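Novice: how would this look folded up:
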Amino acid sequence: MKEFGKIFKILRESKNLSLREASQDAISMAQLSRFERGQSSISIDSFFQCLDNINVLLDEFQSIYNDYTLTDDIRFNKELFEAYLNNDYLKLDKFLNDLEIEKIKYPDKKSLYLNSIIVKIIIYTCDQSRKVSKKDLNFLVDYLFSVEQWGRYELWLFINGASVFTINTLITLSSEMLGRVQFYDELLENRRKIYQMLLNVVTICIENDYLAHALKFMNSIDSLQLSEADVFERIVHRFNKAYYSFKRGDEASMELMLEYIEMLKKLDCLGAAEKLLSSISDFVNM
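Specialist: All right, here's what the predicted structure looks like:
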């Protein structure tokens with residue numbers, strides 16, 4: 001809570017607002033001042049009212065808070081993704097070993113088990129000899145089906161677990177997901193994760209010749225209408241559309257796919273470019 005107060009003060013002062021303006025109708029100026037200095041806490045209702053007084057949305061505050069503190073979850077996700085792109089087996093094994101130790105210390109903490117499953121899945125995508133147990137996969141799938149409203153964590157689990165689900169499980173979960181994120185999909189970061197998840201699902205559907213399902217999910221991606229700033233996701237979406245056309249018999253689409261891979265390389269997305277190239281390697285020199 002101390003960090004909350006510090007960040008609130010940074011936001012208030014960046015807008016040239018006084019303690020009086022920020023605290024009005026919520027708490028006293030003295031209470032807000034102590035909160036900003038990390039000397040006391042305030043109620044959730046008062047915190048929301050103070051945010052409203054300085055015209056900051058909760059999701060905006062959370063985004064700034066995450067960037068400012070770089071929480072363990074964000075650091076873990078970032079480093080895990082980098083290790084995956086670089087095929088860094090040593091770092092991936094270290095993640096797994098650390099989680100196994102944490103699981104012994106906190107056996108009832110479900111997220112530790114789920115996170116360890118994701119690390120195992122990522123290791124498997126880099127090294128096909130490191131198979132993920134059926135027990136682990138069933139636990140992950142059962143958890144996702146059990147959650148009525150998916151938030152950011154469930155989307156993260158699904159994005160990273162998609163590659164090892166059976167195609168029927170993947171399609172079923174994807175359809176379920178689109179109906180389970182309505183409460184959260186107005187948040188930009190969640191919409192971006194939905195977009196990333198659907199991109200993965202489309203690629204897998206195309207690879208397995210489930211083209212009707214691929215088309216359905218590509219239409220869902222089009223409906224999300226993300227910002228033009230999401231260049232990486234837009235290029236991958238274009239790649240998938242070309243891949244879909246290629247699988248439908250349009251051999252000229254191969255040239256488009258290779259162009260999109262080159263675009264990613266020019267953006268220094270080398271790991272992602274290599275992953276896409278490997279997905280079509282059987283067709284490149286036909």
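Novice: Hmm, Ile235 is touching Lys266, no?
Specialist: No - using Cβ atoms under 8 Å, Ile235 makes no contact with Lys266, being 10.1 Å away. C-beta: built from backbone N, CA, C; applies to glycine.
Novice: more crowded one of those two?
Specialist: Between Ile235 and Lys266, Ile235 has the larger neighbour count (other Cβ atoms under 10 Å), namely 20 against 9.
Novice: Report the secondary structure state of that one.
Specialist: helix (DSSP: H, G, I helix; E, B strand; the rest coil).
Novice: who's in contact with whichever strand or helix holds Tyr195?
Specialist: Applying DSSP states H and E as the criterion places Tyr195 in helix 188-207. By Cβ atoms under 8 Å, 6 or more residues apart in numbering, the list of residues contacting helix 188-207 from outside reads 59, 63, 151-152, 155-156, 158-159, 162-163, 167, 170-171, 174, 177-178, 181, 184-185, 211, 213-214, 217-218, 220-221, 224, 226, 230, 233, 236-237, 240, 243-244, 247, 279.
Novice: Try it again at 6 Å.
Specialist: 152, 155, 158-159, 162, 174, 184-185, 213-214, 217-218, 220-221, 224, 226, 233, 236, 240, 243-244, 247 (Cβ atoms under 6 Å, 6 or more residues apart in numbering).
Novice: now stretch 127-141
Specialist: 117, 120-121, 123-124, 161, 164.
Novice: Pick the one among the residues you listed closest to Ser111.
Specialist: Ile117 (10.6 Å; Cβ to Cβ).
Novice: Now for the closest one: which residues touch it?
Specialist: With Cβ under 6 Å, 6+ apart, Ile117 has these contacts: 136, 140.
Novice: ok, now how distant is it from Pro107?
Specialist: Applying Cβ to Cβ, to the nearest Å, the value for Ile117 to Pro107 is 15 Å.
Novice: mind showing which ranges of the stretch 101-250 of the chain have poor pLDDT?
Specialist: 180-189, 226 (pLDDT under 70).
Novice: can we see that at 50?
Specialist: Filtered on pLDDT under 50, the stretch 101-250 of the chain yields the residue ranges 183.
Novice: ok, and the residue lying farthest from the centre of the chain, which helix or strand is that part of?
Specialist: Most distant from the centre of the chain: Ala30, at 39.5 Å, with distances by Cα atoms, centre = their mean. Taking DSSP H and E as the definition, Ala30 sits inside helix 29-36.
Novice: Mind checking what helix or strand follows that helix in sequence?
Specialist: helix 44-53.
Novice: helices and strands around that next one, which ones?
Specialist: The helices and strands touching helix 44-53, judged by 3 or more Cβ pairs under 6 Å, 6 or more residues apart in numbering; DSSP states H and E, number zero.
Novice: buried ones in it?
Specialist: Buried residues in helix 44-53, counted by 16 or more other Cβ atoms under 10 Å: 46-47, 49-51, 53.
Novice: same question, stretch 7-24
Specialist: Neighbour-count burial for stretch 7-24 [16+ other Cβ under 10 Å]: 7-9, 11-12, 19, 22-23.
Novice: Could you do stretch 136-154 as well?
Specialist: 136-137, 140-141, 143-144, 150, 152, 154.
Novice: any chance of these in TSV, plus secondary structure?
Specialist: Shown next, in TSV, are the buried residues of stretch 136-154 (three-state DSSP):
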residue	secondary structure
Asp136	helix
Leu137	helix
Leu140	helix
Val141	helix
Tyr143	helix
Leu144	helix
Trp150	coil
Arg152	helix
Glu154	helix
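Novice: Out of the residues you listed, which is nearest to Gly271?
Specialist: For the buried residues of stretch 136-154, the nearest to Gly271 is Arg152 (22.7 Å; Cβ to Cβ).
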